[in-house]
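Trainee: Give the three-dimensional model of this entry:
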Amino acid sequence: MTALMIGLAGPELTAQDIKNLQHPLVCGVIFFKRNFTDYYQLTQLITAIKAIKGDECLFAVDQEGGRVIRFGLPFTQLEPLATIGDAFDDNNDKGKTYAHLHAWLMASELLSIGIDLSFAPVLDIDNGSNVIGDRAFSNNADTVATLGEIYCRGMQAAGMKTTGKHYPGHGTVVADSHFELPIDDRLWDEIEQLDLKPFVQLIQAECIDAMMLSHVIYSKSCDLPAGYSQVWNEILLRKKHQFNGISISDDLGMKAAECVGPVEKRYQACVDADIDMTLVCDFDLCTELLSNNRLKYLPHYTQKLSKIRRLKGQSTLATTRPFWEQSRWQQARKALIHLRNS
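Mentor: Numbers count the residues shown, from 1 in each chain. Take a look at the predicted model:
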């Protein structure tokens, strides 16, 4: 079976949220802007979810920086990754330091409040995609790989597991998978020599803990989006590239994800591809899927849950007081501001 990470309706738990959380296939929660009012409200929401799901529940968010920031102040409003790439092009050492500080601050702030994962870093190439753009470090695959590894090490130094996305690369296909189905008609060799390079190098460097597969069809390799594809998940990611971490399919609510049918069939496609975990971010879609009586819990699923729970984070900041009161955070924030101003 494939575990589910679900979205919630708003900043407080509803009766339906509670029912959805109690489903045995649900292993975690992904947060969005609709779930955040302020720091203290967020801590209360996390506590309320733990009272239902226990301490093993995974908490995640996309807190990349730039266009993709779900939590406002007091969380650091980080720049997009392209800013790090620009700094690297200007001065390699400055760019590397920037990557580490950006990653450490992002991860430390989230972990201190009990959030295990930010789905990061983006390892796509900025090569014409409508949805990637400045979310990528660079249009140069080697630069993406170099900064991506430093970013991963920064996250891990803070106690957070890493998630490379969007395997095998969303940066070259123009269409945005949130709103349409992107089809990449390039030959395997072209993808391997460009988009795949950062993913393969970071797998070999053993700094990727989870991999999010895209909802893009790479038509010369498979007629299904990568997140539904046994070819991409099993034959290529796991066997060819020797990835031993957690595989994650992108949100089943995206327009591109609809290509196989209603949400039950989308989930089944993830199961058939042996994806470890998939996201169902839209509250109504969660409810529709989880209310389906055919969605059953299977006994061997507990083995997969044990694997997925390796993604639990471990904060290196104190969790008993706000991160902004702690000297390590203050020093890192000061250093980041100095880099910005320089």
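Trainee: all helices for the stretch 151-300 of the chain, in order.
Mentor: 188-193, 196-204, 230, 263-272, 283-290 (DSSP state H, counting those that start in this stretch).
Trainee: now the ones you listed as JSON lines including mean pLDDT?
Mentor: As requested, these are arranged in JSON lines below (pLDDT from 0 to 100):
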{"stretch": "helix 188-193", "mean pLDDT": "94"}
{"stretch": "helix 196-204", "mean pLDDT": "98"}
{"stretch": "helix 230", "mean pLDDT": "96"}
{"stretch": "helix 263-272", "mean pLDDT": "95"}
{"stretch": "helix 283-290", "mean pLDDT": "96"}
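Trainee: Out of the ones you listed, the one nearest S138 is which?
Mentor: Judged by C-beta to C-beta, the one of the helices of the stretch 151-300 of the chain that comes nearest to S138 is helix 196-204, at 9.6 Å. Any C-beta I mention is one placed from the backbone N, CA and C, and that applies to glycine too.
Trainee: Turn the helices of the stretch 151-300 of the chain into a markdown table, including distance to K239.
Mentor: Output for the helices of the stretch 151-300 of the chain, formatted as a markdown table (distance: least, C-beta to C-beta, whole Å):
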| stretch | distance to K239 |
| --- | --- |
| helix 188-193 | 15 |
| helix 196-204 | 12 |
| helix 230 | 11 |
| helix 263-272 | 17 |
| helix 283-290 | 30 |
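Trainee: what's the closest of those helices to F323?
Mentor: helix 196-204 (27.1 Å).
Trainee: List the buried residues of that closest one.
Mentor: L196, K197, P198, F199, V200, Q201, L202, I203 (16 or more other C-beta atoms under 10 Å).
Trainee: One more: stretch 16-33?
Mentor: Quick answer for stretch 16-33 (16+ other C-beta under 10 Å): Q16, D17, N20, L21, L25, V26, C27, G28, V29, I30, F31, F32.
Trainee: next helix or strand past the helix or strand containing the third one?
Mentor: So that's N20. Using DSSP states H and E, N20 sits within helix 15-21. Following helix 15-21 in sequence order, the next helix or strand is strand 26-31 (DSSP H and E).
Trainee: got the angle between that following strand and helix 283-290?
Mentor: Here strand 26-31 runs at an angle of 170 degrees relative to helix 283-290 (axes from the mean of the first three to the mean of the last three C-alpha atoms, to 10 degrees).
Trainee: Skip ahead from strand 26-31 and say which helix or strand is next.
Mentor: helix 39-53.
Trainee: Now do that following helix: everything it contacts.
Mentor: Helix 39-53 has contacts (C-beta atoms under 8 Å, 6 or more residues apart in numbering) with 8, 11-13, 18, 21-22, 26, 29, 31, 35-36, 57, 59, 71, 74-75, 113-115, 322.
Trainee: For stretch 53-62, list every residue counted as buried.
Mentor: Here stretch 53-62 shows K53, C57, L58, F59, A60, V61, D62 as buried, counting by 16+ other C-beta under 10 Å.
Trainee: Of the residues you listed, which pair is most distant in space?
Mentor: Farthest apart among those by C-beta to C-beta are K53 and D62. That separation is 20.5 Å.
Trainee: Please name the nearest non-neighbouring residue to the residue nearest the centre of the chain.
Mentor: The centroid of the chain falls nearest to F119 when counting by C-alpha atoms, centre = their mean (2.2 Å). Distance criterion C-beta to C-beta, 6 or more residues apart in numbering; nearest residue to F119, sequence neighbours excluded, is T163 at 4.6 Å.
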